[in-house]
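[1] the amino acid sequence is not available; the structure is as follows:
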C-alpha cells in the first residue's frame, strides 16, 4: 500500500508546487489535497485494522503525518484560513522526521533513513514560510515538486513494479 500512497503523494506535491508557482488555481489545488488526504485516511484505516506490532503502529503514524498535511492544506485553502497554524504543524512534523529517520536506519531501511530528512526539510521550509514569514521565492515550490517526483512518485512506481 505504501507504493500506492507514494504515487499519489507525488502527484499532490507536484500540484502543490505548481500552485506555489501560480500555475494552479488554489481551490482546484485544495480538491486534490482533499482527495489524497482521503486516500491516506482509507489506507491508514486498513493498516490500523491489520496492525499487530509496535512497528506497524509506528508506520501508521508515518501515514498520518502525510495524510493530515494534505487535509490541513485543503481545509486552509478552501476556507481561506491563515496558514500559520499549518506552519506550526509542519514544524512538529519536521521534528518528528528525525526519529523516523533514525528508526529507519536502525531497522535497515537505509533509503527511508535518507528520505525522512528530505521530507523533514520540506516541512521545515513550510514552517519558515508560514510562521517565520520567510520569503523563499520560487525555491519552495520547485523543492516541493522535486521532492514529489524524486522521493514519492519514483519510489512508489518502483515499489508497485517490484523494483524497489
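    Happy to help now that I have it. Since the structure is predicted, the reported quantities are computational estimates derived from the model, not experimental observations.
[2] all contacts plus neighbour counts: C-alpha atoms, from now on.
    OK.
[3] residue 86 reaches residue 72, doesn't it?
    Yes: using Cα atoms under 8 Å, residue 86 is in contact with residue 72, at 6.8 Å.
[4] report the central residue of this protein.
    residue 66 (4.0 Å; Cα atoms, centre = their mean).
[5] what residues are up against that residue?
    If you count contacts by Cα atoms under 8 Å, 6 or more residues apart in numbering, residue 66 has them with 37, 40.
[6] what's the distance between it and residue 51?
    18 Å (Cα to Cα, to the nearest Å).
[7] which SSE is residue 37 in?
    Per DSSP states H and E, residue 37 falls inside helix 26-50.
[8] just checking, what packs against that helix?
    Packing partners of helix 26-50 (3 or more Cα pairs under 8 Å, 6 or more residues apart in numbering; DSSP states H and E): helix 2-20, helix 54-78.
[9] just name the most buried of those.
    helix 2-20 (a mean of 22; mean count of other Cα atoms under 10 Å).
[10] need the contact partners of it.
    By Cα under 8 Å, 6+ apart, helix 2-20 touches 24-26, 29, 32-33, 36, 39-40, 43, 138, 140-149, 151-160.
[11] average pLDDT across it?
    The pLDDT scores in helix 2-20 average 97.
[12] now the angle between helix 26-50 and that helix, please.
    160 degrees (axes from the mean of the first three to the mean of the last three Cα atoms, to 10 degrees).
[13] before we move on, back to that, just the buried residues out of the contacts of helix 2-20, in ChimeraX syntax.
    Only the buried entries of the contacts of helix 2-20 go into this ChimeraX selection, using 16 or more other Cα atoms under 10 Å:
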select :26,29,32,33,36,39,40,43,140,141,142,143,144,145,146,147,148,149,151,152,153,154,155,156,157,159,160
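[14] and the contacts of helix 2-20, which of them are in helices?
    26, 29, 32-33, 36, 39-40, 43, 140-147, 154-160 (DSSP state H).
[15] now do the helix holding residue 37: distance to the chain's middle.
    11 Å (Cα atoms, centre = their mean, to the nearest Å).
[16] before we move on, what about stretch 112-127?
    That offset, for stretch 112-127, works out to 9 Å (Cα atoms, centre = their mean).
[17] list the contacts of that stretch.
    For stretch 112-127, using Cα under 8 Å, 6+ apart, the contacting residues are 84, 86-91, 93-98, 100-105, 140, 143-144, 147, 151.
[18] picking that back up, orientation of the helix holding residue 37 relative to helix 54-78 in degrees?
    160 degrees.
[19] what's the burial count for residue 136?
    Other residues within reach of residue 136, judged by other Cα atoms under 10 Å, total 12.
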